[in-house]
Each structure stands twice: as structure tokens, then as C-alpha cells.
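A.B. asks: sequence first, predicted model second:
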Amino acid sequence: MTALAASCGKGEDGADTFVVSFLYPDGTWHTQTVFSGERATPPSPPTLQEGLYEGTIQHIGWFLGGAAVPFDFYAPITADTTLQWEPSAAPIHMDSVSGHTTLDKAFAYVNRHPSAYTYIQTAAITLEGELIDKRVLRASNTQLRIFSPYGHSISLSSKGRMFSVGAVALDNTISLTIDGAPLEGSHDNNDILVYMQNGGAFSSNSTISHNASSSGNGIAVYVASGGSFTLNQGGRIENNGNDLSGNPSGLFAADGGTTVRLAGGTIGNNRGWGGGVLVDDSIQSFSLSKEAKVDVLALRATAPNSRTPLTLEADWTGEVEKLHLWGSAYDLADVIHFWETGSPIIIGAGTHVANIGRIGLGEFLTMDADKEAISARYKIDGTGVLVPK
């Protein structure tokens, strides 16, 4: 960073003064003279340009050289200070890249030039609901962060998928992060809104909503085949709908190697079979931490001990309003047998009586929706095992 040289001065009353210098991306300067111990006043920010930037940008604003977070303008000034606006570079030129929107172009560019990037969003974006092959993050060693500092949404104008993350073969070096941008689906969609597979990782601290379908594919978030999903503090999956029996509308975690972590956030008010979340028997892990809340969570078993337990981390303080235990069988007795085998259905450092008390018991469910209230004959003890009352 280039510093503007200045020495300690004196005010009219003899008090020490210091120069605070602000460097704009276009190379222009703004300076203020501030009495020792007083505060600087941030000048008008430059116009933030939407587009794709190199590197991972976590914040925008005025930065002191080498700092990871913006300058604290409540801090007293005790020396000459130089601040630089970040991002200081211009967005990447993508005029030769095809795509309906700048965000479409960004996906194409990133796949051609694998690295870490940040897409800064400064206005609402409407995407065409194109199927499967568009907006797929698939190149190895690629990380894309969509950063919406003002909370502008990304929505679909028609049926189709919004984002996919993951290559054809297993690859754990591909990730998409949504920071601050609510994702809105289509009211009668025939596709998953966000899909991850084969090691592709997706994380969000924003709302994912309004994806609805009568065909069964209209799931908001589908994690499959070793994909990874993290819902962070502030994130929500809500107001999604799916009318096909056997499919949830909020979050579906399926197939071997898949991991899901709700690190805070809320999943609720999703219409459809099983409601909000369905966890298949073969995934690697499904865990809750911090203040994570789920209104309806269904675990599925295909045989005795063939199931994925719910993991409670030590810091979990949230709630599961209703836990369903589903089985791939048509007879209730078989389904109950899948779950009463004695191995824990809840595990992790947060497995204790107080936390288990924040999990409401729902129903045993068969493939054709026969059901029985779990609490009629069973409870979950302090070790996470389903036991007779």
C-alpha cells in the first residue's frame, strides 16, 4: 500500500493533529486533519462495481494496511494513518465470455480459469431457469464466493436449476459460498434449486426459498454422492414446496460420503412429504451445532442399523420440533424394528438429556405413509438410543 507522508502537526490551540489519508481505487486521495485522540470521518465511498474479482473478498470498506477487517472509525487517531478502499482492483473483464447475465459469465470464466474468486453483487439478479449444464461449478481447485453486501436477491425467472457444484468424479476442491444473497426459486419448478455432488461444497448464510414443485424434483437443496452443505448463522431454508410423496421440499441428503452441517440457521415452513429435511441412510454425517433449528427432520433406515444417526455437536443450543423415523418398508412392524436395534440414533458430544429434550418425537413412517406416534411406546434415552417406555 502506498502511504501519504505526513508529520504530526499542531492545531490553533497547540493540540497535536494527524493526517488521515484515504486512497481510492482510481488513485485519487482524500485527506482529513484530525486532533489527537479524536475520530476520523469516513468519506463518501467509491461506486462499488458488480462483477467477478480475483481472490476471496470477505469485506468491503476502508482498510489499514494488512488488516483483515475494515477500519474501526470509532477508534481514536493517535498517528498519521493511511486507509485504502477494498476492493482496490477492478472486476475481471469478461466481454468475450458468453452468458445471459454477468453472473452466468462468471461461472463460465471460473471454470476456464480455476482459482479463488469473489463475485460482488450490487443489484438483484434474475436468472433464466436453464437445466443442468448452466451455472455448474465443476473445475478442480475452484472456489467462488457470491457476496451481496446489500442483501440483493438472486431469483429464477422460469423453471430449472439455479446452481450445481461438483465434477463428474469425486473432487473435494470445488466450493460455492453464498454470502448475503437470498436465493429464490420458481413457484412451479421441475428441478432442484441448488445441487451438489462428488465432493462439491456449498455453504450459505442467506435465505433459500420459494422453490415449489408437483413433480418431485423441486427440492431447495439436494446434497448427493459425497457433496457437502453447510448452513451458517443467519441462513434459512423456508417456504419451499414439494407435492410428490417420499420427497422433502427443503433439504435432501442422500448417497454415500455426503455431509451436512447446520452451523446455526433455520429450516422451517416447507410444504411436502416429511416437511423440511430428509436424511438418507447412507450419508456420512448430518450434524447440528450452535443455534440450528429444524421444524421437521426425517431420518431414513433401510434395514436394522442401516441408517445415519443425527450428530449433536457440543455447542448445539437449537431445537428440532419433530423427528420422524422413516423406513424403506411397507409394514410398520418392520420400520419399528429398523430403529429399535439398540445402537444410538443420536450421537456426538452434545448427546445428553438436556439436548435430547429439545428434540420432539414425531412418527414412525412406512413407504406408503402408514404411521405411528413414536412417543406412544418409545423414547430416546440420554445416550441417544431408542428404548421402550
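C.D. replies: That came through, no problem.
A.B. asks: bridging residues for Val279?
C.D. replies: Residues in a beta bridge with Val279, per DSSP bridges, are Ala253, Leu299.
A.B. asks: from Val223, how far out is it?
C.D. replies: 10 Å (Cβ to Cβ, to the nearest Å). (C-beta placed from N, C-alpha, C; glycine too.)
A.B. asks: what do you get for Arg377?
C.D. replies: Taking Cβ to Cβ, one finds Arg377 at 33 Å from Val223.
A.B. asks: of those two, who's got more company?
C.D. replies: Val223 (30 against 12; other Cβ atoms under 10 Å).
A.B. asks: helix, strand or coil for the more buried one?
C.D. replies: strand (DSSP: H, G, I helix; E, B strand; the rest coil).
A.B. asks: what does Gly160 give?
C.D. replies: Going by three-state DSSP: Gly160 is coil.
A.B. asks: ok, Asn355 next?
C.D. replies: Classified using three-state DSSP, Asn355 is helix.
A.B. asks: number of nearby residues for it?
C.D. replies: 23.
A.B. asks: what sits closest to it if chain neighbours are left out?
C.D. replies: Leaving aside its sequence neighbours, Asn355 sits nearest to Leu312 (Cβ to Cβ, 6 or more residues apart in numbering; 5.3 Å).
A.B. asks: got it, and Gly382?
C.D. replies: Nearest to Gly382 is Val353, by Cβ to Cβ, 6+ apart, at 4.4 Å.
A.B. asks: next structured bit after the longest helix that the chain contains?
C.D. replies: Counting residues, the longest helix in the chain under DSSP state H turns out to be helix 102-112. Scanning forward in sequence from helix 102-112 by DSSP states H and E, the next helix or strand is strand 116-120.
A.B. asks: that next one pairs with which strands?
C.D. replies: By DSSP bridges, strand 116-120 pairs with strand 51-54 (antiparallel), strand 142-147 (parallel).
A.B. asks: moving C-terminal of the last one, what's the next helix or strand?
C.D. replies: Read that as strand 142-147. Downstream of strand 142-147 (by DSSP H and E), the next one is strand 154-156.
A.B. asks: so Ala369 is in which element?
C.D. replies: Ala369 belongs to no helix or strand when assigned by DSSP H and E.
A.B. asks: quick revisit: can you get me a residue count around the residue nearest to Gly382?
C.D. replies: 10.
A.B. asks: again, but for the one 4 residues further on
C.D. replies: By the measure other Cβ under 10 Å, the count of residues near Gly357 is 10.
A.B. asks: now do the same end-to-end measure for stretch 164-183.
C.D. replies: 13 Å (Cα to Cα, to the nearest Å).
A.B. asks: could you find the closest non-adjacent residue to Val385?
C.D. replies: Nearest one to Val385, counting by Cβ to Cβ, 6+ apart, is Pro344 at 5.2 Å.
A.B. asks: what separation do you get for that neighbour and Asp255?
C.D. replies: Taking Cβ to Cβ, one finds Pro344 at 22 Å from Asp255.
A.B. asks: likewise Phe18?
C.D. replies: From Phe18 to Asp255 the distance is 60 Å (Cβ to Cβ).
A.B. asks: same thing with Ser175?
C.D. replies: 19 Å.
A.B. asks: so for those two, which sits in the more crowded spot?
C.D. replies: Ser175 (21 against 16).
A.B. asks: touching, the more buried one and Phe163? I think so.
C.D. replies: No - proximity of Ser175 to Phe163 does not meet the contact threshold set by Cβ atoms under 8 Å, at 11.6 Å.
A.B. asks: can you list residues touching both of those two?
C.D. replies: Shared contacts of Ser175 and Phe163, defined by Cβ atoms under 8 Å, 6 or more residues apart in numbering, comprise 137, 202.
A.B. asks: any low-confidence regions in the chain?
C.D. replies: 1-14, 130-133, 215-216, 244-246, 273-275 (pLDDT under 70).
A.B. asks: so it: which segments form each domain?
C.D. replies: According to automatic domain parsing, the chain comprises the domains 9-86, 102-388.
A.B. asks: most packed of the ones you listed?
C.D. replies: domain 102-388 (a mean of 20; mean count of other Cβ atoms under 10 Å).
A.B. asks: that domain: end-to-end distance?
C.D. replies: End-to-end for domain 102-388, by Cα to Cα: 58 Å.
A.B. asks: next: stretch 251-265.
C.D. replies: 13 Å.
A.B. asks: same check on stretch 169-177?
C.D. replies: Stretch 169-177: ends 21 Å apart by Cα to Cα.
A.B. asks: distance from it to the middle of the chain?
C.D. replies: Stretch 169-177 has its C-alpha centroid displaced from the chain centroid by 15 Å (Cα atoms, centre = their mean, to the nearest Å).
A.B. asks: all good on my end, thank you.
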